[in-house]
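K.L.:
predicted model and sequence below, questions to follow.
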Amino acid sequence: MTDTKINSVNDDEIAKFAAMAEDWWNPNGKFKPLHKFNPTRLAFIRDNVKRHFGIDDNSQPLKGLKLLDVGCGGGLLSEPMARMGANVTAIDATEKNIKTASVHRDKMGLEIDYRFTTAEELLKTHKGAFDVVLNMEVIEHVNNPKEFLQTSLQLLSPNGIMFIATINRTPKARALALFAAENILRWLPPGTHDYDKLVTPNEIMDALSIEKSLKITGPIGVSYNPLFDKWSLGNDTSMNYMVVAER
């Protein structure tokens with residue numbers, strides 16, 4: 001398995017998100033795209049977790065499940081996961097993100113175990129501990145993405161399910177998801193994403209191939225329709241996409 005001494009943290013990426021940390025919960029701020037994307041990815045996670053574990057409950061479908069949110073940022077996914085009943089542990093390598101998330105958690109009266117740490121460090125004490133692992137919009141910001149995913153797999157329980165969401169490394173994504181979104185539409189500060197650090201579906205499949213028995217679903221395309229101002233799932237993986245890995 002992967003060497004847990006490998007460090008996935010990229011200092012330049014940490015600095016970027018530290019500078020934006022206070023804006024996480026502003027729906028019209030620097031993280032506006034994630035706020036708009038959240039309903040689509042929340043439904044996707046919920047529906048796949050219910051299917052994987054055979055859950056019928058619609059009020060708190062994640063009740064009792066141990067969930068890890070890797071690269072949780074300000075908690076935009078962690079909070080709704082907790083409301084769905086999950087026992088949430090959320091980690092981030094940017095200390096300011098964890099502070100912002102913790103303040104908002106307390107304001108909302110939720111129970112979420114926020115930790116300023118990395119997947120590699122958590123693995124030392126939590127190997128195989130989580131029923132659900134979320135790697136949503138984080139892999140494009142780490143060093144050694146292959147090793148990072150393999151570390152995440154080691155945090156997953158023997159019957160667990162892991163989600164990965166990211167931006168594809170394609171000319172279309174460079175033009176629209178990066179240049180247009182950051183420099184024309186100003187959805188994100190310029191330089192938020194580095195094209196060379198984007199990860200393709202084949203690279204994710206290669207990282208996951210370390211475990212031959214995994215059931216892989218995807219890549220599943222995620223597209224934005226500017227006319228309706230909404231995100232939806234589909235077959236176009238040339239920009240955003242998601243992958244599900246199940247044991």
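P.N.:
Received, thanks.
K.L.:
low-confidence bits of the chain, can you list those?
P.N.:
1-7, 9-22, 30, 176-193, 226 (pLDDT under 70).
K.L.:
can you show me the strands along it?
P.N.:
Assigned by DSSP state E, the chain shows strands spanning 66-70, 87-92, 112-116, 130-136, 156-167, 215-225, 230-234, 240-246.
K.L.:
partner strands of the second one and their direction?
P.N.:
Looking back up the chat, that one is strand 87-92. Using DSSP bridges, the strands paired with strand 87-92 are strand 66-70 (parallel), strand 112-116 (parallel).
K.L.:
in JSON lines, list the ones you listed along with distance to Lys127.
P.N.:
Placement of C-beta: from N, CA and C, glycine included. Output for these, formatted as JSON lines (distance: least, Cβ to Cβ, whole Å):
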{"stretch": "strand 66-70", "distance to Lys127": "12"}
{"stretch": "strand 112-116", "distance to Lys127": "16"}
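K.L.:
using CSV, lay out those together with mean neighbour count and distance to Ala175.
P.N.:
Compiled in CSV, those are given as follows (neighbours: other Cβ atoms under 10 Å; distance: least, Cβ to Cβ, whole Å):
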stretch, mean neighbour count, distance to Ala175
strand 66-70, 26, 29
strand 112-116, 18, 35
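K.L.:
Asn58: which of those is closest?
P.N.:
Evaluated with Cβ to Cβ, the strands paired with strand 87-92 place strand 66-70 nearest to Asn58, the distance being 17.6 Å.
K.L.:
which of the residues in stretch 129-144 are buried?
P.N.:
Within stretch 129-144, the residues scored as buried using 16 or more other Cβ atoms under 10 Å are 129-142, 144.
K.L.:
just give me the closest of these to Asn159.
P.N.:
Asp131 (7.3 Å).
K.L.:
just to check, the closest one is in contact with Pro158?
P.N.:
No. Assessed by Cβ atoms under 8 Å, Asp131 is found out of contact with Pro158, at 9.8 Å.
K.L.:
to Phe163, which of the strands paired with strand 87-92 lies closest?
P.N.:
strand 66-70 (10.0 Å).
K.L.:
contacts for the longest helix along the chain?
P.N.:
Using DSSP state H, we find that the single longest helix of the chain is helix 32-53. Contacting residues not belonging to helix 32-53 are listed as 26-27, 55-56, 61-62, 65, 73, 76-77, 80-81, 84, 131-132, 134, 136-137, 161, 163, 165, 181, 187-188, 217, 220, 222, 224, 229-233, 242, 244, 246 [Cβ atoms under 8 Å, 6 or more residues apart in numbering].
K.L.:
ChimeraX command for the buried members of these?
P.N.:
Burial among the contacts of helix 32-53 is assessed by 16+ other Cβ under 10 Å; the matching ChimeraX selection reads:
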select :55,61,62,65,73,76,77,80,81,84,131,132,134,136,137,161,163,165,181,187,188,220,222,224,231,233,242,244,246
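K.L.:
what residue is smack in the middle of the chain?
P.N.:
By Cα atoms, centre = their mean, the chain has its centre lying nearest to Met136, at 1.3 Å.
K.L.:
tell me what that residue is bridged to.
P.N.:
Ala165.
K.L.:
report the contact partners of it.
P.N.:
Contacts of Met136 (Cβ under 8 Å, 6+ apart): 41, 69, 71, 77, 163-165.
K.L.:
change it to 7 Å
P.N.:
41, 77, 163, 165 (Cβ atoms under 7 Å, 6 or more residues apart in numbering).
K.L.:
what do you get for Thr89?
P.N.:
68, 113, 115.
K.L.:
what's the closest of those residues to Ala173?
P.N.:
Leu68 (27.0 Å).
K.L.:
ok, now how distant is the nearest residue to the closest one once chain neighbours are set aside from Asn97?
P.N.:
In this structure, Leu68 finds its nearest non-sequential neighbour in Phe130, 4.2 Å apart by Cβ to Cβ, 6 or more residues apart in numbering. Separation of Phe130 from Asn97 (Cβ to Cβ, to the nearest Å) stands at 20 Å.
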